[in-house]
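Peer 1: Sequence and predicted structure, then a few things I'm wondering about:
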Amino acid sequence: MSQATNVRPLGERILVKRIEEKEQVKGGIIIPDSAKEKPQEAEVIAVGTGKTLENGDKTSFEVAVGDKILISKYGGTDIKIGDTDYLILREDDVLAILK
Amino acid sequence: MSQATNVRPLGERILVKRIEEKEQVKGGIIIPDSAKEKPQEAEVIAVGTGKTLENGDKTSFEVAVGDKILISKYGGTDIKIGDTDYLILREDDVLAILK
Amino acid sequence: MSQATNVRPLGERILVKRIEEKEQVKGGIIIPDSAKEKPQEAEVIAVGTGKTLENGDKTSFEVAVGDKILISKYGGTDIKIGDTDYLILREDDVLAILK
Amino acid sequence: MSQATNVRPLGERILVKRIEEKEQVKGGIIIPDSAKEKPQEAEVIAVGTGKTLENGDKTSFEVAVGDKILISKYGGTDIKIGDTDYLILREDDVLAILK
Amino acid sequence: MSQATNVRPLGERILVKRIEEKEQVKGGIIIPDSAKEKPQEAEVIAVGTGKTLENGDKTSFEVAVGDKILISKYGGTDIKIGDTDYLILREDDVLAILK
Amino acid sequence: MSQATNVRPLGERILVKRIEEKEQVKGGIIIPDSAKEKPQEAEVIAVGTGKTLENGDKTSFEVAVGDKILISKYGGTDIKIGDTDYLILREDDVLAILK
Amino acid sequence: MSQATNVRPLGERILVKRIEEKEQVKGGIIIPDSAKEKPQEAEVIAVGTGKTLENGDKTSFEVAVGDKILISKYGGTDIKIGDTDYLILREDDVLAILK
């Protein structure tokens, strides 16, 4: 995973690693198969520099590196670094942080 | 429901628990079958940090944890924590608070 | 109608009660069958807290509780409280106030 | 037409009365049948309170009660008060004022 | 054309008179038949009061009464005043001023 | 080309002259036939007055009269002045300036 | 590549050179064939002047000339300078910088 630290997402984007489903069951959250829009668990590996507002300011991120999160199934771009699947997505596609 | 408290919705999102239909009837509000867009009763379990406006400020929530609310049938993402169905949705998909 | 007072619409939304067509005829306004988009008469039962502008301010409502209004046929969500039909809609779907 | 004065359009909306085609011919403006989007003549009966801008201010109306106007055929909602056809539309659907 | 002066376009709209094609040839600009979106020559007869910006200010017009202009073929509403064809369109549908 | 100087584009629009393909080859830039969206070389003949921002200010142009530019194939309106093909397009449809 | 330095992208656009797939494998990032939206590696050759915000300010670029980046497969315009393929795209279509 050393190479993943070499990917710096742009703007409001974050880099996340999908958490395998058997690991997800341990966390106690099950996504029903019948769910209209299935969310997925993931871990935040890197965050960008923030979204640029119309007044030129950058927003700060709610998510932090290391956070376990729920993400929307749609949105984001899959990349593979070494043997691991990663996803680059906008923070607005993050549904929740799992504490 | 202890685990649901571990889910912190992002931004303008909230986590709600659907209220079963027999419980809904007690509350006196019946959603007609013929309704174009059927609303549902739910209880607010957790709220996010607020919506970011273009000037960078965060809005505060109108709904509070514990509120009984009416939500639009469309919108939101189903998740299951333990045996209970939850929904993560944006506050703008909340129609009303039931006092 | 005591229960309807327990419904507090969110943001720019209002709760209205449809006015039956025979009551509408008394008021002197007839909606022609051939109308492209048929409006309806309704009475305002409750109003929300106002629409949030991009600068964070809330707008005030033009309609007030007790007002007779004309509403667009499209838009809004039907709910039934006891035996009475209600509708939750955004104030922007209100066409006019009938004085 | 006394009852039409009881209709107060909301926000940027206006209440207008269609002007019959034979009356229109007198005014010297003829809408060709082949026109892509046929405009119509109408008289302004009532105006709303203005459009709310993002800074919370209300715009003032360009049209005034009594003005003869040209309106776009599309847009607006037909209502009948007594035996007369009226139309509620947004001021932005008004093409021109006829002096 | 005296009657055309009685038409005051609303907001960012202008009233223009189409220039016949034989007159256009004199001006040296020929619109190829194969053009994807054919522009047309027209003369500005009247202008509105300007577009309202979100801060409430009105923009001023670039075109002035008497200007010969090139307009997009799409957009605008045809009207006939006496025997002459006119067009009401938004200033943003004007491509260029011909000096 | 004397007549082209009589065309003053409106707002954020510019007037450009297409550069023939054999001339383009000289410049060393070749647009592959398989390109999804083929750009074209052109020369800037005239610029408008700038785009009006929501605060009422006008933006200045990045392109200047005489610049060789790359433009998107889609967007813009063809006009013919004398025997030469011109194009009126918005500056946002310009991809790059060729120095 | 001397000629590529003669291309100055407009506004928020950048000029990039695609990195061949065998070179990409060396970098350790593999784009899975099954990826919904395949990203690509590229090198930044030139950047524009920045995006114009509604207050008239220009944003600065996150990417710099020489950066290796991941770009979305969709978006951008292919051009060929000499024998090399280039792409002009908006900075918002850049997913990440590879350090």
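Peer 2: Right, received. Where do you want to start? Numbering: from 1, shown residues only, chains lettered A, B, ... in the order given.

Peer 1: all contacts plus neighbour counts: C-alpha atoms, from now on.
Peer 2: OK.

Peer 1: can you pull the contacts of the residue lying farthest from the centre of chain A?
Peer 2: Ranked by distance from the centre of chain A (Cα atoms, centre = their mean), the top residue is residue A:55, with 26.6 Å. The neighbours of residue A:55, taking Cα atoms under 8 Å, 6 or more residues apart in numbering or on different chains as the test, are B:54, B:55, G:53, G:54, G:55.

Peer 1: which of these lies closest to residue B:80?
Peer 2: Comparing the contacts of residue A:55 against residue B:80 with Cα to Cα places residue B:54 closest, at 33.7 Å.

Peer 1: can you count the residues close to that closest one?
Peer 2: Residues lying near residue B:54 (other Cα atoms under 10 Å in any protein chain shown) number 18.

Peer 1: Give me the pLDDT for it.
Peer 2: The pLDDT attached to residue B:54 in the predicted structure is 87.

Peer 1: Now do the SS call for it.
Peer 2: coil (DSSP: H, G, I helix; E, B strand; the rest coil).

Peer 1: For residue A:42, name its beta-bridge partners.
Peer 2: Assessed by DSSP bridges, residue A:42 has beta-bridge partners residue A:18, residue A:69.

Peer 1: any idea how far it is from residue E:97?
Peer 2: 57 Å (Cα to Cα, to the nearest Å).

Peer 1: and if you look at residue A:94?
Peer 2: To residue E:97, residue A:94 is 49 Å away according to Cα to Cα.

Peer 1: Residue A:81 too?
Peer 2: From residue A:81 to residue E:97 the distance is 56 Å (Cα to Cα).

Peer 1: More neighbours: those two, which one.
Peer 2: Per other Cα under 10 Å, whichever of residue A:81 and residue E:97 has more neighbours is residue E:97, with 23 against 19.

Peer 1: which residues are in contact with the helix or strand hosting that one?
Peer 2: Secondary structure from DSSP states H and E places residue E:97 in strand E:94-98. For strand E:94-98, the surrounding residues in contact (Cα under 8 Å, 6+ apart) are E:63, E:67-72, F:6-10, F:13, F:88.

Peer 1: Could you rerun that using 10 Å?
Peer 2: Applying Cα atoms under 10 Å, 6 or more residues apart in numbering or on different chains, the contact partners of strand E:94-98 are E:14, E:27, E:29, E:39-44, E:62-64, E:67-73, E:75, F:3-15, F:47-48, F:76-77, F:88-90.

Peer 1: what sits against residue A:93?
Peer 2: Listed by Cα under 10 Å, 6+ apart, the contact set of residue A:93 reads A:13, A:14, A:39, A:70, A:71, A:72, A:73, A:74, A:75, A:76, B:10.

Peer 1: Mark which of those residues are buried, thanks.
Peer 2: For these, a burial check counting by 16 or more other Cα atoms under 10 Å in any protein chain shown picks out A:13, A:14, A:39, A:70, A:71, A:72, A:75, A:76, B:10.

Peer 1: So which of those residues sits lowest on pLDDT?
Peer 2: Among the buried ones among the contacts of residue A:93, residue A:75 has the weakest pLDDT, 76.

Peer 1: Assign residue A:92 to helix, strand or coil.
Peer 2: helix.

Peer 1: how many other residues sit next to it?
Peer 2: Around residue A:92 there are 15 residues (other Cα under 10 Å).

Peer 1: Surely it is in contact with residue B:9?
Peer 2: No. Contact criterion Cα atoms under 10 Å: residue A:92 and residue B:9 do not qualify, at 11.2 Å.

Peer 1: Pull out the buried members of the contacts of strand E:94-98.
Peer 2: Neighbour counting by 16+ other Cα under 10 Å classes E:14, E:29, E:39-44, E:63, E:67-72, E:75, F:4, F:7-15, F:47-48, F:76-77, F:88-90 among these as buried.

Peer 1: Alpha carbons only: can I get the strand holding residue E:97 in CSV?
Peer 2: Provided in CSV are the C-alpha atoms of strand E:94-98 (Å, rounded to 0.1, in the frame of the first residue of the first chain):
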residue,chain,number,x,y,z
VAL,E,94,-27.9,38.3,-30.9
LEU,E,95,-24.6,37.1,-32.5
ALA,E,96,-23.1,40.4,-33.7
ILE,E,97,-23.6,44.0,-34.6
LEU,E,98,-23.0,44.9,-38.2
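
Peer 1: That one pairs with which strands, and in what direction?
Peer 2: Those paired with strand E:94-98 in the sheet (DSSP bridges) are strand E:68-71 (antiparallel), strand F:7-9 (antiparallel).
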